[in-house]
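> sequence first, predicted coordinates after that:
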Amino acid sequence: MNEYDLLEHTDINTALAWHLQYNHYPAVPLSMMNACIIAIDNAIAEDWDAEVMLPDGVTYKDRLAAPTWAIVTQHHLHAFIESATEDK
């Protein structure tokens, strides 16, 4: 099941958790959920360069924050952005 199917049948939190755990190898830790949701919101607002704080123990290029575009790209979040913008 892909993220588009998940979003049609469940809420964003459940779909995102499933996506991070089962569409990535190795699985993305669920501690990244909040950062991904913030990145999705930033992307919807077209603020692609906004920095997103990462959870404890996670870094991006030795930094404690990552740009929205990097989180979206590395975690394949485009379906979540498209789904949210279609609902508007």
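In hand now; what should we look at?

> quick one: the spatially most central residue of the chain from Leu77, how far?
Geometric centre of the chain, nearest residue: Cys36, 3.1 Å, by CA atoms, centre = their mean. To Leu77, Cys36 is 6 Å away according to CB to CB, to the nearest Å. Yep, even glycine has a C-beta here, placed from its N, CA and C like the rest.

> Tyr25: neighbouring residues, count only.
A total of 6 residues lie near Tyr25 under the criterion other CB atoms under 10 Å.

> does Glu3 touch Ile81 like I think?
No. Look at Glu3 against Ile81 with CB atoms under 8 Å: they stay out of range, at 10.6 Å.

> and the residue sitting furthest away from the middle of the chain, its phi and psi?
What lies farthest from the middle of the chain is Asp62; by CA atoms, centre = their mean that is 19.7 Å. Phi and psi for Asp62, reported as degrees, to the nearest 10, are phi 70, psi 20.

> kindly report the same for Thr10.
The phi/psi pair for Thr10 (degrees, to the nearest 10) is phi -150, psi 180.

> the residue lying closest to it once chain neighbours are set aside: what secondary structure?
Leaving aside its chain neighbours, Thr10 sits nearest to Trp18 (8.0 Å; criterion: CB to CB, 6 or more residues apart in numbering). For Trp18, the assignment made with DSSP: H, G, I helix; E, B strand; the rest coil gives helix.

> against Ala65, how distant is Trp18?
In terms of CB to CB, Trp18 sits 26 Å off from Ala65.

> three-state assignment of Val52?
Assignment for Val52 (three-state DSSP): strand.

> and what of the one 4 residues further on?
Secondary structure for Asp56, judged by three-state DSSP, is coil.

> do you know how far it is from Met32?
Remark: distance between Asp56 and Met32 (CB to CB) = 11 Å.

> the two: who's more crowded?
Under the neighbour definition other CB under 10 Å, Asp56 and Met32 were set side by side, and Met32 has more, 19 against 6.

> how about the more buried one, phi and psi?
Backbone dihedrals for Met32, given as degrees, to the nearest 10, come out at phi -80, psi 0.

> got the confidence number for it?
Note for Met32: predicted pLDDT of 98.
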